[in-house]
Structures are given as structure tokens and as C-alpha cells.
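>>> the following comprises the amino acid sequence and a computationally predicted model.
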Amino acid sequence: MSAMLDKLLSALRVRWFAAHGIRIGPGCRLAAGVELARGWREGTNGRIQLGADCELGRGAILAAWGGAISIGRHVWVGPGTVIYGHGGIEIGDETLISMHCRILSSNHAMPPMGVAIRSQPNVLLPSRIGRDVWLGAGVTVLGGVSIGDGCIIGAGAVVTNDLPAGSIAMGIPASIRGQRAPRG
């Protein structure tokens, strides 16, 4: 497919989602197969907001499930990434989210044996990813986690706890292995 046709189809996708209540900043590009779903919870529509110049790769799914997903400007969301905003997701400017990442903002309650897990309500756990963060391929960010500005998370990591700004983390569960050097 030519670059001109890709650009035209992206513009049509942007218009379609904007007409359905998704806030999309200027210069955003949406690849084929992108899904943006506001959903609803307790009678309230979810919210999805993309800042200027964001790019969502093929097959990326942003589902607010009645919560909120707010993405800053110039953020790249890789192909096959899933972001669930039940409890609220906030992603800062200039962040790079590689392919097949998962970002969550809720969990199920854990009832005693004999009570169906599926019957339990979601526990809402807001998640925040700072600005200028790089999530490597296949990273999972669990609900209730805050990742500070400038962090780098290695491919395949599972982030279960907050990470301070500038951390370099990897593993399952993700642990801090270093710190980004200051500029200059």
C-alpha cells in the first residue's frame, strides 16, 4: 500500500473515532485494525484522549471499559498493544510503547474457594506511565503501578511495583538494574 493511501486511510479512521467520542489530537496516525472503545461503567461512558502526533500501530487496542485512557503528545503505541483503562491510565508525552505490550488498570477480587472469580467486581487500580518512557517488546504493566519519567523497561518484563524516574528495569517481576545517566 502506498504511503499516500496509508495517510488517507489513517485520516478516515481518525474521523470515524472522533465522531464516536474519542478525543484525537492533530497529526495522529492510526494504523489498520486499531480499536478504540470507550465502553461504560455504572452509567458513565469511558474516555479516550490522544495527544497531538501520536501513532498507534496495527491492531493496537485501547479499551476504556468506562474508565479513562489519556495519552500525551508524540507517543508511539506499537502493533498488538492492549491498554485497558477500567481504573484509569495516564501516559506521558514522548513515550515509546513497543509491540505487544499490555497496560492494565484493574484486577479481579480474589474470593474464597467456591465463589466464582468471574462473578467478582473489578478492583480499580489506576496506572501512570511518565514522559519519555520506553517499554520494550511484550512488557506488561499491572494495575496500580506508577512508572517515573525517563524509565526504560526491558522486553518481556512484568512491572508489579512503582519505578522511580530514570530507572532501567527488567525481569519478572521487573527489578531495577540501573539508572539512566543524567545529560551532560
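It's in.

>>> contacting residues around the closest residue to Gly171 other than its chain neighbours?
Excluding its sequence neighbours, the residue lying closest to Gly171 (C-beta to C-beta, 6 or more residues apart in numbering) is Ala157, at 5.9 Å. For glycine as for every other residue, the C-beta is placed from the backbone atoms N, C-alpha and C. Counting by C-beta atoms under 8 Å, 6 or more residues apart in numbering, Ala157 touches Gly136, Val139, Thr140, Ala169, Met170, Gly171, Ile172, Pro173, Ala174.

>>> next one: phi and psi at the second one?
Main-chain dihedrals, Val139, degrees, to the nearest 10: phi -70, psi 140.

>>> and what of Pro79?
Torsion angles, degrees, to the nearest 10, at Pro79: phi -60, psi 140.

>>> how near is the closest residue to it other than its chain neighbours to Leu36?
Excluding its sequence neighbours, the residue lying closest to Pro79 (C-beta to C-beta, 6+ apart) is Gly57, at 3.6 Å. Gly57 is 13 Å from Leu36, where distance means C-beta to C-beta, to the nearest Å.

>>> same check, this time on Gly92
The gap separating Gly92 from Leu36 is 19 Å, by C-beta to C-beta.

>>> neighbour count winner among the two?
Counting neighbours by other C-beta atoms under 10 Å for Gly92 and for Leu36 shows that Leu36 has the greater number, 25 against 21.

>>> doesn't that one belong to a strand?
Yes - per DSSP: H, G, I helix; E, B strand; the rest coil, Leu36 lies within a strand segment.

>>> quick one, what contacts it?
By C-beta under 8 Å, 6+ apart, the neighbours of Leu36 are Phe17, Ile22, Leu30, Ile48, Leu62.

>>> direction included, what does the worst-scoring helix or strand of the chain on mean pLDDT pair against?
One helix or strand of the chain scores below all others by mean pLDDT, DSSP states H and E: strand 40-41, with a mean of 86. Its sheet considered, strand 40-41 pairs with strand 44-45 (antiparallel) by DSSP bridges.

>>> relative to the next helix-or-strand element following the partner strand, what are the paired strands and their orientations?
Remark: after strand 44-45, the chain's next helix or strand is strand 47-50, criterion DSSP states H and E. Using DSSP bridges, strand 47-50 pairs in its sheet with strand 23-24 (parallel), strand 68-71 (parallel).

>>> ok, and what's touching the least confident helix or strand of the chain?
Gly46, Trp65, Gly66, Gly67, His86.

>>> could you check how far the residue lying farthest from the centre of the chain is from Gly21?
No residue in the chain sits farther from the centre than Gly114, which is 33.7 Å out by C-alpha atoms, centre = their mean. Look at Gly114 and Gly21: by C-beta to C-beta, they are 41 Å apart.
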